[in-house]
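J.: sequence unavailable; structure follows:
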C-alpha cells in the first residue's frame, strides 16, 4: 500500500511518462503521411509524362480508397532528350501484386490544386514485384488540367462570346411569337424527317460519294465563280423587269405556246425544202446586199433619173428570162404549195394569240410604255455605275396585312389595311370590256378589292389617242 502511493506521488516518474507519450505522439503525427512505423509496405516506381503538381505525401487511391502515398518525386532525362517524372509509390501490402496491365493517372482532388494518383487495377495474372518500375505507357489517359480549360477563355474568346450573346439577344428580342410557332412546327418536321434520314443513311444512297462529287464540281466551277455571280445579278434585273408583265401577257403566251409548238412540229418538216432554197437564195444575194450599203447614194440618184432609164429596160428583161424560168420551175414544184399551206396553218394557229395580245399595244400602248420605263429605270448613277430607282412603301398594320403570311385577304379594321390586287387587268382584248384597266383603276379606300374593278375604266393610256 505504501509502495503504490509512492509511485503515483513521485513527480519525476509522472513527468517522464508524460514526456515519453508526447514524444511518441509527435513522432507518429510527423510520419503519418509516410505510413505508420513498423508496418510492412509494397513499394513501386512509376514513370509519368508529368508530375502535374504532385507533391510528396499525396494520396494513392484505387477505386476511391486510399491505399498508399507518394514518397519521392524525381526527374529522369531520356535518350531522346525528353524528361519523365518518376514517382516512388508506397502502397499497402494488401495491394501486392499490382497487375502489369494496370493504368495510372494524376487527378485533381479539389479545385484548389490538390492532386492524387488514381490506379485502375488491371486483370493480368502477372504483377509487379516489390521495387519494380511501372512504365510510362501505363500513364493513360493524359489528364486535362483545370488551368488548361480556363486558358481557352482568352481575351479574344471572351470578347467574341460577349458579342455572340449580345447578337443572340437582339435577334430573339420581340420574336417570342415567331419562336413559339417555329417550335410548334418542329414536331411534324422531326416526324417527316425520319424516313428522309433513313434513306440518306442507307448504303444504297451512297451519300458520301455525293458530297465528294459536290466538292469536285465546286472545284471545277471555282474559276468561273465571279462570272456566274454577275450572271445571276443580271438575271435578277431581267426577271424583276419581266415581273410587271408576267400576268396576263407572258402567262398567256406560255399557255398558247404548246399549240404553236405542235403546229410547228407538223409544219416545219414540210417547210424545210423551202427554207433550204431560201437559204441558198439569200446566200447568192449576200454580195449584192453588202455592196448596197456603199451604193445607197448612187441608187437614190438612179431613182431620180429612172424615167429616162425605163425605155432601156426591155433588153434587160430579155436577159432575165432564164431567171424567171427558174422561178417558174420553183413555183411549179409540188413541195412549194405544201409548204405554203403548212405556213398558213401555223399563222392561223397563232392568230388567236396575236388577236388577244395585240390590243395591249395597239389600244393601250403597254409595250411601248414598258420599254420607255425600263430605259429610265437605271438612268440614275455616278462614275461607278447606275442603280435601280425604287421607293419603300410601308405595309399597313392589321390582321392578314401584306407584311407577312395571311390566312385571308386583308379586310380592315383600319382604312389602310385592305388588299387591292388585280392580277389580270383588262386590256381591251377580245371578250373584255373596252378599257385599259392597268394603271387606271380607281383606289377604293376602306374596301377590299380582288380582281377586276367594277365599272368600265379609261379606254386609253399615255401615248394613245
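T.: Perfect, thanks for sending it. These figures come from a predicted structure and were not determined experimentally.
J.: contacting residues around the residue nearest to residue 398 when sequence neighbours are not counted?
T.: Among residues not flanking residue 398 along the chain, residue 417 sits closest, at 3.2 Å (CB to CB, 6 or more residues apart in numbering). Glycine gets a C-beta too; all of them are placed from N, C-alpha and C. When contacts are counted by CB atoms under 8 Å, 6 or more residues apart in numbering, residue 417 touches 396-399, 401, 410-411.
J.: ok, these vs residue 333, which is closest?
T.: Checking these against residue 333 by CB to CB gives residue 410 as the nearest, at 65.9 Å.
J.: give me the mean pLDDT for the longest helix anywhere in the chain.
T.: When the chain is parsed with DSSP state H, its longest helix is helix 251-304. Per-residue pLDDT values over helix 251-304 give a mean of 83.
J.: got the contact list for the very next helix or strand once past that helix?
T.: For helix 251-304, the following helix or strand on the C-terminal side (DSSP states H and E) is helix 306-309. Helix 306-309 is contacted from outside by residue 302, using CB under 8 Å, 6+ apart.
J.: for the residue nearest to residue 398, phi and psi?
T.: phi -80, psi 70 (degrees, to the nearest 10).
J.: do the same with residue 447
T.: phi -130, psi 150.
J.: quick one: it from residue 17, how far?
T.: Per CB to CB, to the nearest Å, residue 447 is found 115 Å from residue 17.
J.: who are the packing partners of the top strand by length along the chain?
T.: Counting by DSSP state E, the longest strand found in the chain is strand 65-77. Judged by 3 or more CB pairs under 8 Å, 6 or more residues apart in numbering; DSSP states H and E, strand 65-77 is in contact with strand 41-48, strand 59-62, strand 83-92.
J.: show me this protein divided up by domain.
T.: 31-150, 257-356, 363-465 (automatic domain parsing).
J.: what's across from residue 118 in the sheet?
T.: Note on residue 118: beta-bridge partners by DSSP bridges are residue 61, residue 105.
J.: that one and residue 134: what is the separation?
T.: To residue 134, residue 118 is 13 Å away according to CB to CB.
J.: okay, the two: which has more neighbours?
T.: Neighbours were counted for residue 118 and for residue 134 using other CB atoms under 10 Å; residue 134 has more, 22 against 18.
J.: could you measure from the residue nearest to the more buried one when sequence neighbours are not counted over to residue 427?
T.: Spatial nearest neighbour of residue 134, chain neighbours left out: residue 46 (4.2 Å); criterion: CB to CB, 6+ apart. Distance of residue 46 to residue 427, computed by CB to CB: 94 Å.
J.: cool, and residue 279?
T.: From residue 279 to residue 427 the distance is 38 Å (CB to CB).
J.: neighbour count: these two, which is higher?
T.: More crowded of residue 279 and residue 427, by other CB under 10 Å: residue 427, with 22 against 10.
J.: thought that one was touching residue 367?
T.: No. Between residue 427 and residue 367 there is no contact under CB atoms under 8 Å: 10.6 Å.
J.: what residues are shared contacts of the two?
T.: By CB under 8 Å, 6+ apart, residue 427 and residue 367 have these common neighbours: residue 360.
J.: checking my notes, residue 404 in a helix, right?
T.: No. With DSSP: H, G, I helix; E, B strand; the rest coil as the criterion, residue 404 is located in coil rather than a helix.
J.: pLDDT score for it?
T.: 82.
J.: next: the one 5 residues further on.
T.: pLDDT for residue 409: 89.
J.: what's near enough to touch it?
T.: So residue 409 contacts 400, 419, 421, 448, 450 (CB under 8 Å, 6+ apart).
J.: just the buried ones from those, in ChimeraX syntax?
T.: Command for ChimeraX, covering only those of the contacts of residue 409 found buried under the criterion 16 or more other CB atoms under 10 Å:
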select :400,419,448
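J.: show me the contacts of residue 409 that map onto helices.
T.: Among those, no member falls in helices (DSSP H).
J.: I'd like the contacts of residue 409 as CSV, with pLDDT appended.
T.: As requested, these are exported to CSV (pLDDT from 0 to 100):
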residue, pLDDT
400, 86
419, 87
421, 86
448, 87
450, 88
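J.: okay, the contacts of residue 409 in a markdown table with distance to residue 164 next?
T.: Converted to a markdown table, those look like this (distance: CB to CB, whole Å):
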| residue | distance to residue 164 |
| --- | --- |
| 400 | 36 |
| 419 | 40 |
| 421 | 42 |
| 448 | 45 |
| 450 | 45 |
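J.: for residue 374, state which of the contacts of residue 409 is nearest.
T.: Looking across those and measuring by CB to CB, the closest to residue 374 is residue 421, at 23.2 Å.
J.: quick check: the closest one touching residue 452?
T.: No. Residue 421 lies out of contact with residue 452 (CB under 8 Å); the separation is 10.8 Å.
J.: what about the strands in the chain?
T.: Counting by DSSP E, the strands of the chain are 41-48, 59-62, 65-77, 83-92, 98-99, 103-108, 115-120, 127-128, 133-134, 380-382, 385-387, 420-421, 449-450.
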